[in-house]
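Participant: No letters, just coordinates:
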Ligand SMILES: Nc1c(NC[C@H](O)[C@H](O)[C@H](O)CO)[nH]c(=O)[nH]c1=O
Ligand SMILES: CC(=O)[C@@H](O)COP(=O)(O)O
């Protein structure tokens, strides 16, 4: 049970708590799936009870939004947040995690060292080579399309996007750079999987060289670190529960969502200030 900390990563792809047929008074059944710290997936068929938090001491204690998990018998406190929430990712070991990298061939002299920087970083954090898929695309303009497909495949914890857009004589630069940025953003939003923006947008080749392992570091390595950190954000878990609750509950009332399972119970609370 100790594996379920605030840093447990809920896989956002799962969790069909269907708000359509919910009523606050009745217990509901749902399927909840998340991973422990070793990323072993655990699927819980859980009974979800949703009830108003009418008890005022609880309300005072838990103002804001938070969640915790506990063993029914031990009441072991695992994670809880109060009105001021601090959500961080964890950077311990990413062994067993899978990542995809989409990399643009255009300006390969820059994108290849960015890719190598990313691969080095993944290796440092124990991501196995066989758990990394690299997909080459013609240019940065094409990255978003492929990133979205990879994200939607639900095979990866994050999709890292690498490219290098270098200014020429015309306004073409702006079109490619902006499309790459919005493509990667859209891929993340549409797939629910973190799509990390590791696309350089430089005024000249010198700036690009400096950022591909030169005097300004390696932005591919930095982007890989972001992928490692971001996919462990408990944010996904909380975000999901908030969406679920807010889709039907009356905002004037606080609610408690409780998911019961043989081994543990999992609760989220939402108390409007
Ligand atoms: N000029 C740059 C491009 N241009 C190519 C486009 O990305 C795209 O492949 C083409 O327009 C076909 O759709 N790509 C880069 O990654 N960097 C550039 O500087
Ligand atoms: C992305 C670019 O700006 C570049 O490759 C295109 O150069 P140009 O504007 O000189 O056609």
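Facilitator: Good, I have the coordinates. Remember, it's a predicted structure, so these values are computed and weren't measured experimentally. Residues are numbered from 1 along each chain as shown. Ligands and ions are numbered 1, 2, ... in the order given.

Participant: Could you use CA atoms for every contact and neighbour count after this?
Facilitator: Noted.

Participant: The helix or strand harbouring residue 102 pairs with which strands, parallel or anti?
Facilitator: For residue 102, the element it lies in under DSSP states H and E is strand 99-104. Strand 99-104 has the following strand partners under DSSP bridges: strand 132-137 (parallel), strand 158-166 (parallel).

Participant: Check those for me and report the most buried one.
Facilitator: For the strands paired with strand 99-104, the largest average neighbour count (mean count of other C-alpha atoms under 10 Å) is found in strand 158-166, namely a mean of 29.

Participant: can you list contacts of the strand holding residue 102?
Facilitator: Residues from elsewhere that reach strand 99-104, judged by C-alpha atoms under 8 Å, 6 or more residues apart in numbering: 111, 115, 131-140, 142-143, 146-147, 150, 156-164.

Participant: can you check stretch 194-202 too?
Facilitator: Contacts for stretch 194-202 (C-alpha under 8 Å, 6+ apart): 140, 147, 151, 157-167, 177, 180-181, 184-185, 187-188, 208, 211, 219-220, 223, 226-227, 230-231.

Participant: do stretch 173-181 as well
Facilitator: Stretch 173-181 is contacted from outside by 140-144, 165-167, 197, 199, 201, using C-alpha under 8 Å, 6+ apart.

Participant: coming back round to it: ok, which of the contacts of strand 99-104 also contact ligand 1?
Facilitator: The subset of the contacts of strand 99-104 within reach of ligand 1, by C-alpha under 6 Å from any ligand atom, is 138-140, 163-164.

Participant: So what's the residue count around residue 216?
Facilitator: If you count neighbours by other C-alpha atoms under 10 Å, residue 216 ends up with 12.

Participant: Pretty sure residue 122 sits against residue 226.
Facilitator: No - contact criterion C-alpha atoms under 8 Å: residue 122 and residue 226 do not qualify, at 10.7 Å.

Participant: higher neighbour count, the two?
Facilitator: Here residue 122 and residue 226 are compared on neighbour count by other C-alpha under 10 Å; more neighbours surround residue 122, at 25 against 20.

Participant: would the more buried one count as being in a strand?
Facilitator: No - the assignment for residue 122 is helix, going by DSSP: H, G, I helix; E, B strand; the rest coil, so no strand is present there.

Participant: beta partners for the residue of the stretch 151-273 of the chain found nearest ligand 1?
Facilitator: Residue nearest to ligand 1 within the stretch 151-273 of the chain (C-alpha to the nearest ligand atom): residue 165, separated by 3.4 Å. Under DSSP bridges, the beta-bridge partners of residue 165 are residue 201.

Participant: shift numbering so it begins at 13
Facilitator: With 13 as the first residue, the last one maps to residue 177.

Participant: Quick one: end-to-end distance for stretch 225-233.
Facilitator: The separation between the terminal residues of stretch 225-233, taken as C-alpha to C-alpha, to the nearest Å, is 9 Å.

Participant: Now do the strands in the stretch 113-262 of the chain.
Facilitator: Taking DSSP state E, counting those that start in this stretch as the criterion, the stretch 113-262 of the chain contains strands spanning 144-149, 170-178, 207-214, 224-226, 229-230.

Participant: wait, which of those strands is closest to residue 138?
Facilitator: Residue 138 lies closest, by C-alpha to C-alpha, to one member of the strands of the stretch 113-262 of the chain: strand 144-149, at 11.4 Å.

Participant: Residues contacting that closest one, please?
Facilitator: By C-alpha under 8 Å, 6+ apart, the surrounding residues in contact with strand 144-149 are 110-117, 155, 158.
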